[in-house]
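>>> Based on what follows, work out the 3D shape:
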Amino acid sequence: MKRSQGYSLIELAIALSIVGLLAGTLLIGLAAQREAADYRAAQRQLDDAGEALLGFAITYGRLPCPARPQLVSGQDGAGIADCPAGEHGVLPWVTLGLPETDPWGRRLTYYAQAEFTALPTADAQAGFELETAGKGKVLDAAGQTTAEELPAIVVSHGPRGGGAYLGDGRQLAASGEEAENADADTRFVAHPPSKEFDDLVAWVVPGVLKARLVAVGRLP
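From the prediction side, this is the model:
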């Protein structure tokens, strides 16, 4: 009798194992590419936010106040700069004409110092002066100061979203360094992503802000 030319169960098992390994590797690679693309998109969004903040300052002589983070998307006042709400909130996306959320579907945290969001007086072109100092500070992973005297800071809370506000007004829980970027003080943390930290942080450079207003005649 002739021997069957089909595959044995062992051979099939080996072949399926190889296919599974290849598929798993491919999926991991695709996931990594997607994550990298999301990070690039978030960084572009932060860059756009920075330009929008400077544009607002050039137009109105001040930075916009934060929007109230607890308001639900579409609710009256959601995404609108609200100075009585204080210095901490979310980026006023409606006021600035920007997307509401980052690539992970969360709002951008926004700190804006009151001295830089004040309305200009009747005889002034800007709500602050060249000598006005910012209070915001950004630290690195070692606790060293990366930038200080900052008038405004914007945070995308990364894939995990710890500390970020959602469209329904809820805030996600945060711990460690990510909690530092979600509280109501003037200290923030920024460094490359790690197992415990995946926030992206950007800020308004005071020298650039003031130079732009000097260039258009809003500051002497």
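
>>> Tell me the spacing between the residue positioned nearest the centre of the chain and residue 193.
The chain has residue 156 as the residue nearest its centroid, 2.1 Å off, counting by CA atoms, centre = their mean. Per CB to CB, to the nearest Å, residue 156 is found 12 Å from residue 193. For every residue, glycine as well, the C-beta is placed using N, CA and C.

>>> Ramachandran coordinates for residue 67?
For residue 67, the backbone dihedrals are phi -90, psi 160 (criterion: degrees, to the nearest 10).

>>> Who does it form a beta bridge with?
residue 81, residue 90 (DSSP bridges).

>>> mind listing the helices in the chain by residue range?
9-60, 93-96, 114-117, 176-180, 206-215 (DSSP state H).

>>> how about the ones you listed, which one is nearest residue 67?
helix 93-96 (7.2 Å; CB to CB).

>>> quick one: the closest one to chain centroid distance?
Taking CA atoms, centre = their mean, to the nearest Å, one finds helix 93-96 lying 15 Å from the centre of the chain it belongs to.

>>> ok so, going back, ok, the residue nearest to the centre of the chain - contacts?
42, 45-46, 102, 104, 106, 108, 164, 199-201 (CB atoms under 8 Å, 6 or more residues apart in numbering).

>>> Tell me the bridge partners for it.
residue 200.

>>> how about low-confidence regions in the protein?
1-7, 24, 26-32 (pLDDT under 70).

>>> The same query, at a cut-off of 50, please.
1 (pLDDT under 50).

>>> And residue 65, how far from residue 90?
11 Å.

>>> Same drill for those two, tell me which one is more crowded.
More crowded of residue 65 and residue 90, by other CB atoms under 10 Å: residue 90, with 27 against 23.

>>> Same list, the contacts of residue 156, but as a markdown table with neighbour count and distance to residue 19 please.
Converted to a markdown table, the contacts of residue 156 look like this (neighbours: other CB atoms under 10 Å; distance: CB to CB, whole Å):
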| residue | neighbour count | distance to residue 19 |
| --- | --- | --- |
| 42 | 21 | 35 |
| 45 | 21 | 39 |
| 46 | 20 | 41 |
| 102 | 23 | 36 |
| 104 | 16 | 32 |
| 106 | 25 | 37 |
| 108 | 26 | 42 |
| 164 | 28 | 39 |
| 199 | 26 | 38 |
| 200 | 19 | 37 |
| 201 | 19 | 43 |
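
>>> out of these, who's nearest residue 217?
residue 46 (28.4 Å).

>>> hang on, that closest one packs against residue 199?
No: with contact defined as CB atoms under 8 Å, residue 46 does not count as touching residue 199 (10.8 Å).

>>> so which of the helices of the chain comes closest to residue 188?
helix 176-180 (6.5 Å).

>>> buried sites along that closest one?
177-178, 180 (16 or more other CB atoms under 10 Å).
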